[in-house]
Structure formats: structure tokens, C-alpha cells
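# Build me a model:
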Amino acid sequence: MIMETAKASVLTPKSGSSSRLFHVYLPLALTIFLALSYFAYVHAYGVNVLFWDEWQIVPLYKACVEGHAGLFSLFEAQHNGNIMFFPYLLMLAMDFLTGFNNKALMYIGAVFQTASLGLVWFLARKNLPDTINKYWHLVSLACLMFSFCQYQNMLWGFQTAWFIITFFSLAAFVLLDESFENDKFGGSANLPLTFGAIVCGVVASFSSVQGLLVWPAGLVFLFAKEWSSLKYFWKNPRFTAWIVSGFLCWVVYFSLLNPADAGPQSVHQAVLGALKHPLYTFKFMLASLGAVVIGIRPHWAVLLGIVLYALIGLAIINFFRSKNTSAYAVPAALIVFGLFFDIMLAAGRSSFGFSQAFESHYTAYNLLILLGIYLCFVNQNYIETHSAIVAKSGQILLGVFLLAFTFSNVFRGVARGREWRFAQALNAVEVLHYQSEPRFKIERTVFGSYDFVAAQAEFLNSRYLNVFQAGGISLPLEILDLARPPESYLDIEKANPGDKEALERLWDVYTIAPDLQKAFRVRTASFSYDLIRWASGEAKEKGYYLQDQLNPYGKQFVLLFNQINSKKLD
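This next block holds a predicted model:
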């Protein structure tokens, strides 16, 4: 009786134009607003300058321009153990069309993510309660898909590859799902639909190594769809085609992989390192999942990770207890994809330090886990098989979490976006002046090899590409004062060539230290004198967080200040 009452209360829709306005048009408007906010975020904080991994596209572009590269070159141009054939194809096409404007790639990433939301909704809507409130679930999904916790992916053109993987993985699930729907009409379209899903899986696989996870995630999707008739598993050509295609894809991928491009450590070394410290590795996984909340402290991230893993455990229990496992196919596939990625992340990155768990660009697939958890506890089957109190309480708790998650990430995401724009604008200035910038500065902020950057920047400059395009780039006002040292500072450099390196290091410290920027204003007449005086005193003191940057030049700052001070007194 309780179950029937709960079901009736959930499924009874309200009528009336005002109700339709609130339950249909308002959530649709909010979803559109969230999507536009994503594009606005890219517009406001994206900067058209190559950053780190993106520099490796330039030699490939140059080879294409000079006619030395073919399609197979995109397989050979590997990045840290990743074959990125399809992202490279897209990036090169956009570079030819836009003059290497990588901000255009950020917008393409936004398009892919928006399309991915559409695919998630297409998959999820069939198993949501059929009420007029259904469209509010679309808003919840949009809050997750467009979350600013992934701000690095949103503002880094190279990361468009990850959005490509998300889109084509979801597209594969949609086509597999449609093949099951087609069974109801005789199954005449099963073969092309399954073939289309396999093609999508191949695109995801050769977009980056984590794209290979589409195959086990898709297999879980198929299992969930056919759980009741699992004994006929091997007789189903859909299963056979998916398993064989996935196996071949993995074999081809790793046969093409060049061990020399596999990054700082091999897969074997990474896995062994993770297995030697299982507790640390698991803690790393918990923290990376909890890091979907921007700025969360490590112990709180671990705690949130434990809570989310507990919810995953409940989702698994619901799956095995349900008589309709098909309703859990989508959330199961999303959760499996995200969990496998976290295992890969912990194996490959945990040895570089616990802070790696909090890198923004790794949240992309943890958002899939959140999507899976959400869809598990709001679908029709869950509501029908639980009491009204349990079902309603779960939805309220999910709603509270989503609100806190969204508002926290919006406010902190805007702050991180400003910081990113500031840092990238400084990088743009450094690239524009690559011939005169200190080597250490280029290697710390732009790319790890000054000689490589200088050679690629020379090519971009000769063809007026990227930051060298006609008209240059527009810098935020707060960057203008930090773009170059003031003339008084440069005059001191010229007068003291032996102290040039020390002065370059001091200026670098100033540009990355907000407290120094507040204490010493560039536009004041005594700026250079005051900054060098501070450095000469700081060289004798301890405790400043950038002390190690200044220590090697301590005596030089003292002598230089005494020299400048004596001239000033004269």
C-alpha cells in the first residue's frame, strides 16, 4: 500500500498554464542559462595563448603546412602515452581555420559538452518518473555537466580531447540503447546501430588512453540491459560485436603506442608503484572524487569521497535487487567509466604527490560518477521499489548536495577563472617577448624547454599565428603593469649587467606574489628602489613563502641596494 501511494503521489502530474510555466518552461530556461554561462565563462577567462601540452601541436602543424605529414603522422604524434588521432585532427583543422586561435577550441569544447548533456538527457529521460516535474532533472544534470570545477578543461584548448571522449562515449551508449529499442520493432536496424556504437567507441579510444574505457563501460551497459537473459549472452551478436571490437581496439592501441612517448614512467612502473602502497592509492582515489568541489581541503575531500563511494555501494545493491536492471544501465555505465578512470589516475599520478588528486582537469570523469549516482536514485524503478519516505528523503538530500555543489563551484570557479586568465595573460606576454624573456621563466610557466618554445614561437611569429596575429591580444587591465618591468627597473638592469639574473628573478617573484603587488605599486616613483630594498632585507630573513627563489641572490641584493642607496644619498 505504501509503495502504491508513493507511486501515485509521484506520478500524478499537475495541470494548468502556470504550473506548466514553472515545471516545464522555467527548467528549460535555466538549462539554457547554464549552457550560456559555460560559454560566457570561456569568453571571460579564456586567453588565446598556447599553454604547456599545446606547444606540441606546433611541430605537427608545421609538418602539415610543409607537406611532411600524413594521417598516420597523427597516430605517431603521441603525448605521454596517449594516441590522440581525432583530437589532433580537430585541432589542426581549427588551427588552419582560425590562425591557431586556441580560444576557438575552448568554444568547441563547450559545444561538445552541451551536446553531451543532450545525450545524457536522451538516455535518462526514459527511466525518470513520468511527471511534469521531469524537466527539473534536466537542470540538475546541467549543473553537473557545466560545473566550473572543471575550469582547467574549460579554459585549456588542449583539453577539448576529453570532451570528445565524453561525447562519443555517450553517443555509443545512445546507439546501443536504441538497438535495444529497435528489438521491439523486429530488430531490422540492430546491425547499423551497433556498428555506429562501435565507430563511436573507436573515436573515443583514439582520442586519449582513457577513451578505451568506453568498452568496459559499454559492456556493463549491455549486461544491465540483458541481465534477465544473461544465459543467452553469447548468442547475442550485439554482445559479440562489442566485445570483439573492444578487444581489437585495445590491441591496436597498445601495438601503436611508442614506449618512448609514454611519459615519465611506464605503465608497468606506475601500476607497481600503486600496488606497493594500496592504502595511499585508495586515499588518492577518494580525494580525487571528493575534489569535484573546488578548493575543498584534503581531509574533507577524502571524507566526501567516502560518502560518494558509499552511495555507489547503495547503487550496486539497488542494481542487484532490482527486477528491472535495464533502468540502471545508464548510471552503471557512467559510474564504471568514472571509477576506472580514477584507478588509472591513481596508478599514473599518485606517485607525483597527493596534490595531483586536486587538479581541476581530472574532475571531468568524476562528474560522470556524480551523474550516475544522481540518475540511480531518481529513476522510476528506484522510486517504485522504495517507500515514499526513503525515496523522497534521498531526493531531498541529492537536491541539497547539488545546490551546495553548484553554488560553491560557481563562486570559487569564478575566482579560479580570474586567476587562470591572469596567469595565461602573463604567459602571452612572455611568449610575445620570448627572445628577451629569461629561460627559467619560460620553462616554469609556458613549457619545460626554452629552446623548443623559442623554435616554435619563431615559426608562429613568422606566420602571424596565435599571440602573433595582427592586432595582438587584449590584456586585462591588471596585467598591463606586470607585462614588463618599469623603465626605472630596466635602467638598473642595464647599469648593473652582473646583477641581471638576480633582478630578473626578483621581478618574476613580484609577478607571482599578490602580497608584493599590493605592497609595492609599479606606478609609484620609488617602486624599483623599494622593491630592491625589500629584497635586500628579505635575503637576511626567513619564512617568506618564495624565500627559495631569492636565497641564491641574497648577497647581490644587499650590495646592489647599498650601491643604489649611496647614489640616492649623493
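# Name the nearest residue to the residue nearest the centre of the chain, ignoring sequence neighbours.
Nearest to the mean C-alpha position of the chain, by CA atoms, centre = their mean, lies His361 at 2.9 Å. Nearest non-adjacent residue to His361, counting by CB to CB, 6 or more residues apart in numbering: Gln152, 4.1 Å away. All C-beta spots, glycine's among them, are computed from the backbone N, C-alpha and C.
# Quick one: neighbours of Tyr450, just the number.
Using other CB atoms under 10 Å, Tyr450 has 17 neighbouring residues.
# okay, it: pLDDT?
Note on Tyr450: pLDDT of 89.
# how many neighbours does the closest residue to it other than its chain neighbours have?
In space, and not counting its chain neighbours, Tyr450 is closest to Arg439: 4.2 Å by CB to CB, 6+ apart. Arg439: 13 surrounding residues under other CB under 10 Å.
# Check Arg418 too.
Using other CB under 10 Å: Arg418 sits among 14 other residues.
# ok, it - contacts?
Counting by CB atoms under 8 Å, 6 or more residues apart in numbering, Arg418 touches Tyr45.
# try Phe85
Neighbouring residues of Phe85 by CB under 8 Å, 6+ apart: Leu74, Phe75, Phe206, Ser207.
# again, but for Thr31
Counting by CB under 8 Å, 6+ apart, Thr31 touches Leu117, Tyr135, Leu138, Val139, Ala142.
# From Asn466, how far out is the residue nearest to Tyr450?
To Asn466, Arg439 is 21 Å away according to CB to CB, to the nearest Å.
# got it, and Phe158?
For Phe158, the distance to Asn466 (CB to CB) stands at 13 Å.
# Find the residues that touch each one of the two.
Taking CB under 8 Å, 6+ apart as the criterion, Phe158 and Asn466 both touch Asn102.
# so where is the stretch 51-200 of the chain shaky, pLDDT-wise?
132, 183-189 (pLDDT under 70).
# What are the structural domain limits within this structure?
Per automatic domain parsing, the structural domains of the chain span 2-420, 485-570.
# Greatest separation within the contacts of Thr31: which pair is it?
Leu117 and Tyr135 (13.0 Å; CB to CB).
# Pick out whichever of the two has more residues nearby.
Shown here are Leu117 and Tyr135; by other CB under 10 Å, Leu117 has more neighbours (22 against 19).
# I'd like to know how far the more buried one sits from Phe377.
Noted for Leu117: a distance of 19 Å to Phe377, by CB to CB.
# And Asn236, by the same measure?
Noted for Asn236: a distance of 29 Å to Phe377, by CB to CB.
# Neighbour count for the two, which is higher?
Phe377 (21 against 15).
# Quick check: what element follows the host helix or strand of that one along the chain?
Using DSSP states H and E, Phe377 maps to helix 366-378. Next helix or strand after helix 366-378 toward the C-terminus (DSSP H and E): helix 380-384.
# Can you tell me, leaving aside adjacent residues, what's nearest to Thr98?
Residue nearest to Thr98 in three dimensions, not counting chain neighbours: Ala104, with 4.5 Å by CB to CB, 6+ apart.
# From the contact counts, what lies against the strand or helix carrying the one you found?
Here Ala104 is covered by helix 102-124, with elements defined by DSSP H and E. The contact analysis (3 or more CB pairs under 8 Å, 6 or more residues apart in numbering; DSSP states H and E) places helix 102-124 against helix 26-45, helix 85-98, helix 134-145, helix 151-154, helix 160-183, helix 329-349.
# Report the angle between that helix and helix 366-378.
Counting by axes from the mean of the first three to the mean of the last three CA atoms, to 10 degrees, helix 102-124 lies at 20 degrees to helix 366-378.
# export helix 102-124 as CSV, just CAs?
Written as CSV, here are the backbone C-alpha positions of helix 102-124 (Å, rounded to 0.1, in the frame of the first residue of the first chain):
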residue,chain,number,x,y,z
ASN,A,102,43.2,28.1,-29.3
LYS,A,103,40.3,30.0,-27.7
ALA,A,104,38.2,28.7,-30.6
LEU,A,105,39.0,25.2,-29.3
MET,A,106,37.6,26.2,-25.9
TYR,A,107,34.3,27.1,-27.6
ILE,A,108,34.4,23.8,-29.5
GLY,A,109,34.8,22.0,-26.1
ALA,A,110,31.7,23.9,-24.8
VAL,A,111,29.8,22.7,-27.9
PHE,A,112,30.8,19.1,-27.2
GLN,A,113,29.8,19.3,-23.5
THR,A,114,26.5,20.9,-24.4
ALA,A,115,25.8,18.1,-26.9
SER,A,116,26.8,15.6,-24.2
LEU,A,117,24.2,17.0,-21.9
GLY,A,118,21.6,16.3,-24.7
LEU,A,119,22.8,12.7,-25.0
VAL,A,120,22.6,12.2,-21.2
TRP,A,121,19.1,13.6,-21.2
PHE,A,122,18.1,11.4,-24.1
LEU,A,123,19.4,8.3,-22.2
ALA,A,124,18.0,9.3,-18.8
